[in-house]
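In: Give me a model of this one.
(one chain, ligands or ions: 1)
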Amino acid sequence: MNGKQAAGIQAVQEISDGMVVGLGTGTTVYYFLEALAEKVKLGLKLTGVATSQQTVELARKWGIPMKPLNSVQSIDLTIDGADEVSPDLDGIKGGGGALLYEKLVAVASKKRIWIVDARKTVKQLGAFPLPVEVIPFSWKQINRKLENRGLHPVLRTQKDGSPFLTDARHYILDLHLNTIENPSALANELDHLPGLVEHGLFLGMTDSVIIGYPDGHIERLERH
Ligand SMILES: O=C(CO)[C@H](O)[C@H](O)COP(=O)(O)O
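Out: Okay, here's the model as predicted:
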């Protein structure tokens, strides 16, 4: 057992028959999907909405029924991971590159829960590089603007040095900030940069966080 596994397994308790469930992305969500698939085998009925191709493939392999976001009216509950979580339950997401679809699924969800291991909880956001998803056509222009703003962008690349491509075929610039003094001001600024499709600041976008510890126990934080 590790913290990610403890959180992932715990989150399955939240799923009941007939729900439309947003399925996040990443190594913590992997454990959630694995445990969810066991329940599906035992007869649990649900419709999953995946946030990435990686999750589509896992869900298919494990027999979790799925529909695309456009084929559901709304999502009852989304279970997703996070890269950093602050005490007021704001977060950075997108370490796995799925931030755009994760945000679209999050805003379509009536309830959202993040599952993280204890290392993801921080006093202040920003030590984890903040991903921003950009249009390849103008990525150098955007990169220059972000550099000029002192936001230290670095193009995310694959092992062979070519740019990492998101499921929507965009690039990612990771902003190396160390700390983010004012997350909502930064989010607002990034929201208004043409060609910057989405950023990994998820502010006020989860209702609860399940934190898993290496000894298998969990802690739960709620937005009040
Ligand atoms: O935002 C994400 C992917 O875009 C993930 O939720 C985040 O990176 C956490 O991943 P992991 O559970 O593997 O640590």
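
In: Mind pulling up the pLDDT for Met1?
Out: You'll see Met1 listed with a pLDDT of 83.

In: how many neighbours does the nearest residue to it once chain neighbours are set aside have?
Out: Of all residues not flanking Met1 in the chain, Gly216 sits nearest, at 4.3 Å (C-beta to C-beta, 6 or more residues apart in numbering). Placement of C-beta: from N, CA and C, glycine included. Using other C-beta atoms under 10 Å, Gly216 has 13 neighbouring residues.

In: and if you look at Glu198?
Out: Neighbour tally, Glu198, other C-beta under 10 Å: 22.

In: And the pLDDT at the nearest residue in space to Gln141 that is not next to it in sequence?
Out: In space, and not counting its chain neighbours, Gln141 is closest to Gly195: 6.9 Å by C-beta to C-beta, 6+ apart. At Gly195, the pLDDT value in this model is 98.

In: who's in contact with Gly195?
Out: Listed by C-beta atoms under 8 Å, 6 or more residues apart in numbering, the contact set of Gly195 reads 134-135, 137-139, 141-142.

In: Quick check: phi and psi on it?
Out: Dihedral pair for Gly195: phi 90, psi -20, per degrees, to the nearest 10.

In: hmm, back to that, can you list the contacts of Gly195 in TSV and add distance to Gly81 and neighbour count?
Out: Below are the contacts of Gly195 laid out as TSV (distance: C-beta to C-beta, whole Å; neighbours: other C-beta atoms under 10 Å):
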residue	distance to Gly81	neighbour count
Val134	22	26
Ile135	26	16
Phe137	30	11
Ser138	30	15
Trp139	26	19
Gln141	31	14
Ile142	26	21
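
In: Filter those residues down to the ones in strands?
Out: Val134 (DSSP state E).

In: Reformat the contacts of Gly195 as a markdown table; add distance to Gly200 and pLDDT.
Out: Output for the contacts of Gly195, formatted as a markdown table (distance: C-beta to C-beta, whole Å; pLDDT from 0 to 100):
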| residue | distance to Gly200 | pLDDT |
| --- | --- | --- |
| Val134 | 12 | 98 |
| Ile135 | 16 | 98 |
| Phe137 | 21 | 98 |
| Ser138 | 19 | 98 |
| Trp139 | 16 | 98 |
| Gln141 | 20 | 98 |
| Ile142 | 15 | 98 |
